[in-house]
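*Asks:* sequence? don't have it. structure:
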DNA sequence: CGCGGGTTTGATGATGCTCAAGCCCGGTGG
DNA sequence: CCACCGGGCTTGAGCATCATCAAACCCGCG
């Protein structure tokens, strides 16, 4: 039961118990093991994923074969390849579990039906997307204004708890630097 | 009259003529001269801006005093500082006209009233934001997978017409490189 | 105990920035 | 109509940041 999702929605829009149970019929719970994939390059991205517990990441593989993390999603965040989700064309991204995770799956195919029944969810997703897009604008701001070293320091200062949860190389791939260089920065700091 | 806006909305959701005229009462046309500002750092971002004609840019000034462009908006695009727009806290960004422009202004304070009257706009903005957020994910992808030189080449190959409309230093600030380096790349190409 | 994924180390070198100067060209005022 | 001014673009030398590569190391897990 996606108790987390209903609770999260209620922070943004009204949702009665009855409506919450309608919501249930439009979503699907999913447990996924660490390193499991919800989406791979070339596949059609059919769903939007809400993290009840655990952590997912959206990444791609560049021409040199290195993984580059675009986004992490922890508890109460949504993640999908929005371009692929909208177009239903083969995706250029991967979505992978960073930890053993409990997910609520929201299929693209049932979206319109659900919005027809619970119109306030249209508002909920608008609000979520405003927040996500705002975060994305800030991400660009950090990328352009900070040196790699400062990006790293800033990140671990801002999210110390989260840094504990992910391996270094994954953090490196999120910040756009090499694991070797992360190592060097850490050495310097001591 | 924001004919462009109504037309744009109709591409995404239904909108009768009567509803379009209601929309009119909730928006405000604005003409702004090249280099004029719609938002400056420290001000509260009270509106979302739709470009009917012309071009706007969202940028910030980094600690070295250099302008860094986060986003351009040409005809039929919205632009605002979403974080500031949502929180109504003083912004860290600037919004400036790149050309003489015709804008439709949508004030934050009237947003809820309008959505109550025209609920389908909730959907419209959700769709717009999905598209914008998707574009933003791709922007990250390009930043992480291409060298500066290839970012530049890729951009001018993808948007040759748009490149004509903006000065080099502004394009440089969008791609996160220096005008000097752009110069160097252009020299090499010949 | 051994395997393997992840991290560290260090040497080398490319990418792309900084700074300072000159240049080009379009606009403005005399 | 010309001269000047200044914003933007170019040039080049020098240099910092950060990537690359190869090797060793560490340690948790099967």
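*Replies:* Right, received. Where do you want to start? Because the structure is a prediction, the values reported are computed rather than measured.

*Asks:* What is the three-state secondary structure of residue A:57?
*Replies:* strand (DSSP: H, G, I helix; E, B strand; the rest coil).

*Asks:* which residues does it contact?
*Replies:* Residue A:57 is in contact with A:69, A:71, A:72, A:73, A:79, A:95, A:96, A:98, A:170, A:174, counting by Cβ atoms under 8 Å, 6 or more residues apart in numbering or on different chains. In this view, the C-beta of every residue, glycine as well, is placed from N, C-alpha and C.

*Asks:* from those residues, which single one is nearest DNA strand D?
*Replies:* residue A:174 (12.0 Å; Cβ to the nearest atom of the strand).

*Asks:* Wait, that closest one touches residue A:72, no?
*Replies:* Yes. Counting by Cβ atoms under 8 Å, residue A:72 is a contact partner of residue A:174 at 6.7 Å.

*Asks:* Residue A:69 and residue B:136, how far apart?
*Replies:* 15 Å (Cβ to Cβ, to the nearest Å).

*Asks:* Just the helices from chain A, written as ranges.
*Replies:* A:3-10, A:17-26, A:82-87, A:111-117, A:120-145, A:148-158, A:160-165, A:168-175, A:179-189 (DSSP state H).

*Asks:* Please point out which parts of the fourth one sit buried.
*Replies:* The one in question is helix A:111-117. In terms of neighbour count (16 or more other Cβ atoms under 10 Å in any protein chain shown), helix A:111-117 has its buried residues at A:111, A:114, A:115.

*Asks:* export the helices of chain A to TSV and tack on distance to DNA strand D and mean pLDDT?
*Replies:* Shown next, in TSV, are the helices of chain A (distance: least, Cβ to the nearest atom of the strand, whole Å; pLDDT from 0 to 100):
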stretch	distance to DNA strand D	mean pLDDT
helix A:3-10	26	94
helix A:17-26	34	95
helix A:82-87	25	97
helix A:111-117	38	95
helix A:120-145	10	96
helix A:148-158	3	96
helix A:160-165	14	94
helix A:168-175	8	97
helix A:179-189	3	91
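
*Asks:* Which positions in chain A make contact with chain B?
*Replies:* Contact residues (Cβ under 8 Å from any Cβ of the partner chain) of chain A with chain B: A:58, A:60, A:62-63, A:68, A:70-71, A:81-83, A:85-86, A:92-93, A:115, A:119, A:122-123, A:125-126, A:129-141, A:143-145, A:176.

*Asks:* Could you identify the buried members of those?
*Replies:* A:58, A:60, A:68, A:70-71, A:81-83, A:85-86, A:92-93, A:115, A:122-123, A:125-126, A:129-134, A:136-141, A:143-145.

*Asks:* What's the local residue count around residue A:33?
*Replies:* For residue A:33, the count of nearby residues is 10 (other Cβ atoms under 10 Å in any protein chain shown).

*Asks:* Now do it, the pLDDT please.
*Replies:* Residue A:33 is assigned a pLDDT of 93 by the prediction.

*Asks:* for it, phi and psi?
*Replies:* phi -80, psi 150 (degrees, to the nearest 10).

*Asks:* again with the one 3 residues further on
*Replies:* Backbone torsions for residue A:36, taken as degrees, to the nearest 10, come to phi -70, psi 160.
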